[in-house]
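Participant: coords please:
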Amino acid sequence: MSKFLSYIHNLRGVAILFVVGVHAHGFDQQTTKVFDAIFDPSEGNGTVLFLFIGGFLFQYLTHNHFDYRKYIETKFKVIILPYLIISIPLIIIRIYTNFESLALPANFDDWSVTRQIVFYIFTGTHMPPFWFITTIILVYLTAPLLHVLDRKNFYQYVFPLFVLLFFFTYRPLHNANPFLSYIHFVPVYMAGMCASFYKERILANSRVILALSAFVYLAITIIDVGAGANFSRDLRFEDVLYKGTIAFNVYALKVLMLCMMLLCLVYEIRKKEMPLIEMLGNYSFGIFFVHYAFISISGKIVEISGVTIDFSLPVFVISYLFILLASTVTVYFVKRITGKYSRYLIGS
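Facilitator: As a prediction, this is how the structure comes out:
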């Protein structure tokens, strides 16, 4: 049996489109409202999709045989090592250029350089998307436990409790606590595992599941945009821990519906030629690692030039396409220049 699933590979290409979209923000108020509903910064549609895909592939590839040493060596080479290579010079720049971020502790400037470096590495706060890397590393470290849980009884009787955990928790404040991110998001990874475990049943009914999940997803989106509900967008995990806040996270339900909807969609169109999506699937982690650099650089250029930009829909589209194209071209040339070693540098 082939271990390559083309529809999951294409889903990875779709996921990176969401990742770039949620970070290429700066809209006017009305455009913000619409794009928040589509790209959903509350849960981060792109990163949730990556977690879902990761769980799906983990179950698919390791259900019958799991070599943890080989698994962690691979993850170190293609995820952790690129993260460190990209992070170290960036962290040095952050430390010596008076970098300011709401994610940093109030007395951060009083810390020693070594302590600051360690904090950045373990939280990913030196680059907004990097919270995901520090969280997924915790998933990798707990992979043996996840493998043990990969059983029918777990999915039937215990997994629903983890889904409830996801529905009543939120992302931590400023994405600055990887442990809280792990607790909140590991149910999504498990959802991917569950989808893989039952993939024959799910894919056999893909059209029905696609229709139902799309209905729920669109209904929440329409209510959110049309009625201005803003359900639980401002809540954080700390509100649950320190204030005892109990509120249903509608955006958590919405993003799980998105995962199922897109899984069934890419399966339904799996026989169609989609070279762009396939290429984005190949380049996805590389684009993830480099895209925010172009966002930061372009933002600095605009700031220095003194130009005021109204981030309306047309401007967003131009900005989005520029960042996506620049990131893709960068990954292409890095791969061409470094060959097989590119995976150790940028994950692709």
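Participant: Find the residue at the geometric middle of the chain.
Facilitator: In the chain, the residue lying closest to the centroid (C-alpha atoms, centre = their mean) is Thr47, at 1.1 Å.
Participant: and the next element down the chain from the strand or helix carrying that one?
Facilitator: Assigned by DSSP states H and E, Thr47 falls within helix 45-62. Of the helices and strands lying after helix 45-62 in sequence (DSSP H and E), the nearest is helix 68-75.
Participant: Starting from that next one, tell me the next helix or strand along the chain.
Facilitator: Downstream of helix 68-75, the first helix or strand assigned by DSSP H and E is helix 81-96.
Participant: picking that back up, who's in contact with the residue nearest to the centre of the chain?
Facilitator: Thr47 makes contact with 19, 129, 132 under the criterion C-beta atoms under 8 Å, 6 or more residues apart in numbering. Bear in mind the C-beta positions are built from the backbone N, C-alpha and C, glycine included.
Participant: got any ranges where the protein has weak pLDDT?
Facilitator: Low-confidence segments of the chain, defined by pLDDT under 70: 1-3, 25-42, 227-231, 307-311.
Participant: buried residues in the longest helix seen in the chain?
Facilitator: Taking DSSP state H as the criterion, the chain has its longest helix at helix 275-305. Buried residues in helix 275-305, counted by 16 or more other C-beta atoms under 10 Å: 277, 280-295.
Participant: helices or strands up against it?
Facilitator: When contacts are defined as 3 or more C-beta pairs under 8 Å, 6 or more residues apart in numbering; DSSP states H and E, helix 275-305 packs onto helix 6-23, helix 81-96, helix 313-338, helix 342-346.
Participant: just how off-centre is that helix within its chain?
Facilitator: Going by C-alpha atoms, centre = their mean, to the nearest Å, the spacing between the C-alpha centre of helix 275-305 and its chain's C-alpha centre is 14 Å.
Participant: Point me to the helix or strand that includes the residue lying closest to Ile95 once chain neighbours are set aside.
Facilitator: Nearest residue to Ile95 in three dimensions, chain neighbours excluded: Gln116, at 5.7 Å (C-beta to C-beta, 6 or more residues apart in numbering). Take DSSP H and E as the rule and Gln116 turns out to sit in helix 113-123.
Participant: list the helices and strands whatever helix or strand comes next after that helix packs on?
Facilitator: Per DSSP H and E, the first helix or strand lying C-terminal to helix 113-123 is helix 131-141. Applying 3+ C-beta pairs under 8 Å, 6+ apart, we find helix 131-141 packed against helix 45-62, helix 68-75, helix 113-123, helix 178-197.
Participant: 7 Å instead, please
Facilitator: helix 178-197 (3 or more C-beta pairs under 7 Å, 6 or more residues apart in numbering; DSSP states H and E).
Participant: Good, we can wrap up now.
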